[in-house]
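Trainee: how would this look folded up:
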Amino acid sequence: MSTMFCLVSRQSMANVLPVLMFKPHQVVLFATPEEKKSADNLEKLFSSKSINVKRVNDLNAYDYVAFKNVVINEIQNYQTDICLNVTGGTKLMALAAYEVFAEANKRIIYCDTEHQHIISLMPEYKIENLQADISIEDYLLSYGYKIENVKSSQNEIDYCELFSFIEKSNSIKSFVDLYVKVREKLSDITNTFSITSNDQRFEFRKETNHYLLKYYDSKFITFKMDSSDFKSGDWLEYYVKYILKKKNNLEPILGVKIINDEGVRNEIDVMVLKNSRLFLFSCKTGKKDNQFDLYQLETLRHITSGTFGKGIFITANEHSENFNIRAKDLKIDIINVLKTREIKI
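Mentor: Numbering: from 1, shown residues only. I've put the predicted structure just below:
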């Protein structure tokens, strides 16, 4: 495919995924003034993939005749191997562009992100599986963000050994109970102390310059004070990564700090890609039923992946009915690690 016409909207994936799947030599972006920022982000992404980008800007999204004439004039510059992605833009823009391409008997496609399909509408109808070579960095760039930093994986091997033991011994509840006691103790004093779980499977020690976690085979895992992994609840992020890698064969990244062109920063606990879809996880071990956590996750999903992204709330608490209803309203899944060892995405 030589050229793809794209109607810019704030749902970037509707344009990104078809371009990355078909890899045209050139993309023509049709954008209204309201969607200039989205067009800027798309241009940066496509240019980074060595795809030529042409902009047709300042369009009136609701002037059907004027926009149709713009498309007619533009299509005359391309004789063969041209395609219209009719997924984006307003309905009037889509209808006008569709009419021009249909009259010219040129290819028209629609990106069905919900069912992972590319639907060819013209010149013949057919359905293909959506297969786009996309990365987390691509996702973020298409929404105007880039990765500034990710969490170090220096303790990951130790965590994997711990979680393997927890899984084999079915002792996640015992571990979480110990964690709750330790967190309360750490917030009260700075002296050294030792706490043992009720079933004697785990022992936690706070020593002068590090933490020690011991489990039944006498292996110690050391957490440096400057990282405070255990104190801040970072263990849950590592646990999510452990499950996603072992049971889902995925490669998530943790503690993702992102920044946009205006210098606005955000942080996401866990991010992972599956079937060209971005999943964001919020991992909370502290105060329960804080609906702000849900709204924060929903906001992060919206700004990094639009409607195609998915937010998942990971918890070790039992939440109230109101909290669960709010999560359902926001289409956020809640997974309690005390109840399941699975993370289905």
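
Trainee: Only C-alpha atoms from now on, for both contacts and neighbour counts.
Mentor: OK.

Trainee: What segments of the stretch 101-250 of the chain are strands?
Mentor: All strands of the stretch 101-250 of the chain, identified by DSSP state E, counting those that start in this stretch, fall at 107-112, 117-122, 126-129, 145-149, 193-196, 202-206, 210-215, 219-224.

Trainee: okay if I get these as TSV plus mean pLDDT, mean neighbour count and distance to Thr87?
Mentor: Shown next, in TSV, are those (pLDDT from 0 to 100; neighbours: other Cα atoms under 10 Å; distance: least, Cα to Cα, whole Å):
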stretch	mean pLDDT	mean neighbour count	distance to Thr87
strand 107-112	96	21	5
strand 117-122	95	18	10
strand 126-129	96	12	15
strand 145-149	95	18	23
strand 193-196	89	16	58
strand 202-206	88	20	54
strand 210-215	85	18	53
strand 219-224	72	16	49
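
Trainee: Rebuild the ones you listed as a markdown table, extending it with distance to Val100.
Mentor: Conversion of the strands of the stretch 101-250 of the chain to a markdown table gives the following (distance: least, Cα to Cα, whole Å):
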| stretch | distance to Val100 |
| --- | --- |
| strand 107-112 | 10 |
| strand 117-122 | 12 |
| strand 126-129 | 20 |
| strand 145-149 | 35 |
| strand 193-196 | 73 |
| strand 202-206 | 69 |
| strand 210-215 | 67 |
| strand 219-224 | 63 |
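
Trainee: so which of the ones you listed gets nearest Lys37?
Mentor: Closest of those to Lys37 is strand 145-149, at 11.9 Å (criterion: Cα to Cα).

Trainee: show me the contacts for Glu74.
Mentor: For Glu74, no contacting residues are found, by Cα atoms under 8 Å, 6 or more residues apart in numbering.

Trainee: If I look at it, what pLDDT would I see?
Mentor: At Glu74, the predicted lDDT confidence score is 94.

Trainee: That one falls within a strand, correct?
Mentor: No - counting by DSSP: H, G, I helix; E, B strand; the rest coil, Glu74 is not part of a strand but helix.

Trainee: Mind naming the longest strand for the protein?
Mentor: In the chain, taking DSSP state E as the definition, the longest strand is strand 265-274.

Trainee: on contacts alone, who are the packing partners of that strand?
Mentor: When contacts are defined as 3 or more Cα pairs under 8 Å, 6 or more residues apart in numbering; DSSP states H and E, strand 265-274 packs onto helix 136-142, helix 235-248, strand 253-260, strand 277-284.

Trainee: So what are the sheet partners of that strand and their directions?
Mentor: Next to strand 265-274 in the sheet, as set by DSSP bridges, lie strand 253-260 (antiparallel), strand 277-284 (antiparallel).

Trainee: Relative to Tyr295, which of the strands of the stretch 101-250 of the chain is closest?
Mentor: Among the strands of the stretch 101-250 of the chain, strand 145-149 comes nearest to Tyr295, with 19.6 Å by Cα to Cα.

Trainee: Go ahead and measure how far that closest one is from the middle of the chain.
Mentor: Its chain's C-alpha centre and that of strand 145-149 lie 13 Å apart, by Cα atoms, centre = their mean, to the nearest Å.

Trainee: returning to that earlier point: I'd like the helices and strands packed on strand 265-274 as a markdown table, with mean neighbour count appended.
Mentor: Output for these, formatted as a markdown table (neighbours: other Cα atoms under 10 Å):
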| stretch | mean neighbour count |
| --- | --- |
| helix 136-142 | 21 |
| helix 235-248 | 19 |
| strand 253-260 | 18 |
| strand 277-284 | 22 |
